[in-house]
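Undergrad: below are the sequence and a predicted model for it; my questions follow.
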Amino acid sequence: MSKYVSIIDVKKHVGETVTLGAWVANKSGKGKLAFLQLRDGTAFFQGVAFRPELLELHGEEKGLEIFETIKHLSQETSVEVTGVIKEDDRSKFGYEIGITKLTVVGESTDYPITPKEHGTDFLMDNRHLWLRSSKQQAIMQVRNELIRATYEFFNNEGFIKLDAPILTGSAPEGTTELFETDYFGTPAYLSQTGQLYAEAGALAFGKVFTFGPTFRAEKSKTRRHLTEFWMIEPEMAYTHHEESLDIQEAYVKFIIKNVLENCDYALDTLERDKELLKTYVNDPFVRITYDDAIELLQEKEAENDYDHIEWGDDFGAPHETFIANSFAKPVFIMNYPKAIKAFYMKPHPTRDDVVICADLIAPEGYGEIIGGSERATDYDYLKQKVEEFGLSLDEYSWYLDLRKYGTVPHSGFGLGLERVVTWVTGNQHIREAIPFPRMLSRIKP
Ligand code: 4AD
Ligand code: MG
């Protein structure tokens, strides 16, 4: 057990003397009073030092020394603080600590991120320090809760977590966005998706999910793309796509509900509209077909400024934003043209031009958060697709085996964690949704 109390827990210690392991985020003062903004990673709150009280407790000389130390603390000095927890109605946090003792643990000189405004490039260069700020702390707390609730949801539903490899020989999501590396003389790639391994897992264990980093050499600079992002990929045997959509909807609702229940302080710090988030938990998601989405976009294009779109085209960000905003809730767009989707998707039973799949588009302009499909089960069909997509039969022979030995209907999907973090936190850019983002022009820190 730590001797330190976490700031987030001080409400359990009102009237008690406690010790915190903290850092100084900011300070101010006047006359006999010194105020510290303290943080310890769980929350921020105020520490108050009153000179006469310190003199009385420690004697004239020592008391004055402590007060002077407090008054001259610099930003991000680490401090061990002892004091009495009090309710404080004036602050949003509701509590403060009346400091009775303070010891400097580590000094901090010229901390680069000051309370004034800084440009994003500067903040990103200092990402290792920027993570200490209140907004970044709140985002990471939401991210953590989304991960925690993900494990809870899939464990409750009887899934087992299956770890897919990061180094692979396959390129299931297209061959243009690959990070290649040398694997003892043969080329290998950083995984774009754990899906193919999840499929092997589903046929071995019924219901599985993978969760790990995935990589795409995205050469475009957008607010939605990282080159390294974390994906949750459930895969279910004996499951058709409509059942998969039900699971997806229940899962997304569950994780948002848990963020609302467990991240109140973080959502307030982020000034996120909690009533709006509640509507996503309570109202049914919308399900429309790709055909209907194209029709809607064409019908409304005169009044809007997205580009004209034809059947067969993939949606751009403005199209997705328009569709999701038309319903003000998450929207599944189902059954895309075969030509713009991956090789492994199940062909439609009565139409030759579309596949059984859906993307889930988040409202408020956050774009696609899930891509999923029913998987092709027929050996000959899939073999032909592998060849058509220019993939190596040798490389995919193990994957084709899954259709040779007891093939079954199965479906799965992939949820991009950082897309969901960005949406739930109401942030503008995906780069703040991951501790150390990797993008086209950033690999440091
Ligand atoms: O739609 P995608 O490419 O689907 C797959 O990879 C499937 N194998 C998933 C499956 O069925 N098991 O990617 C899935 C999700 C997207 O909806 C998006 O949320 C996220 O991953 N994503 C990205 N997030 C951040 N940066 C990128 N460059 C992303 N590319 C995809
Ligand atoms: Mg997709």
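TA: Ah, there it is. Ligands and ions are numbered 1, 2, ... in the order given.
Undergrad: give me every residue that touches the closest residue to residue 434 other than its chain neighbours.
TA: By the measure of Cβ to Cβ, 6 or more residues apart in numbering, the closest residue to residue 434 outside its immediate chain neighbours is residue 418, 5.2 Å from it. All C-beta atoms are positioned from the backbone trio N, CA, C, and that covers glycine. Going by Cβ atoms under 8 Å, 6 or more residues apart in numbering, residue 418 touches 226, 229, 230, 430, 433, 434.
Undergrad: switch to 6 Å and redo it
TA: 229, 430, 433, 434 (Cβ atoms under 6 Å, 6 or more residues apart in numbering).
Undergrad: likewise for residue 231?
TA: If you count contacts by Cβ under 6 Å, 6+ apart, then residue 231 has 214, 414, 416 around it.
Undergrad: re the thing from before, hang on, the residue nearest to residue 434 in a helix?
TA: Yes: counting by DSSP: H, G, I helix; E, B strand; the rest coil, one finds residue 418 located in a helix.
Undergrad: how near is it to residue 224?
TA: Going from residue 418 to residue 224 by Cβ to Cβ, to the nearest Å gives 9 Å.
Undergrad: okay, and the common contacts of those two?
TA: residue 430.
Undergrad: tell me which parts of the protein are close to ligand 1?
TA: 173, 193, 195, 216, 218, 225-226, 229, 231, 233, 368-373, 412-414, 416, 418-419 (Cβ under 6 Å from any ligand atom).
Undergrad: which ones among these are found in strands?
TA: 229, 231, 233, 368-373, 412-414, 416 (DSSP state E).
Undergrad: can you put those in a markdown table and add distance to residue 59 and pLDDT?
TA: Below are these laid out as a markdown table (distance: Cβ to Cβ, whole Å; pLDDT from 0 to 100):
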| residue | distance to residue 59 | pLDDT |
| --- | --- | --- |
| 229 | 57 | 98 |
| 231 | 60 | 98 |
| 233 | 64 | 98 |
| 368 | 65 | 97 |
| 369 | 61 | 98 |
| 370 | 64 | 98 |
| 371 | 68 | 98 |
| 372 | 69 | 98 |
| 373 | 74 | 98 |
| 412 | 69 | 98 |
| 413 | 67 | 98 |
| 414 | 64 | 98 |
| 416 | 60 | 98 |
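Undergrad: quick one: which of the residues you listed is nearest residue 105?
TA: residue 229 (35.8 Å; Cβ to Cβ).
Undergrad: tally of neighbours for that closest one?
TA: Around residue 229 there are 21 other residues, counting by other Cβ atoms under 10 Å.
Undergrad: how close does it get to residue 212?
TA: From residue 229 to residue 212 the distance is 10 Å (Cβ to Cβ).
Undergrad: what is the nearest of the contacts of residue 231 to residue 378?
TA: residue 414 (22.6 Å).
Undergrad: that closest one and residue 233 touch, don't they?
TA: Yes: between residue 414 and residue 233 there is a contact under Cβ atoms under 6 Å: 4.5 Å.
Undergrad: compare those two (neighbour count), which wins?
TA: Set residue 414 next to residue 233 and count neighbours by other Cβ under 10 Å: residue 233 wins out with 27 against 23.
Undergrad: is the more buried one bridged to anything, and to what?
TA: Taking DSSP bridges, one finds residue 210 as the beta-bridge partners of residue 233.
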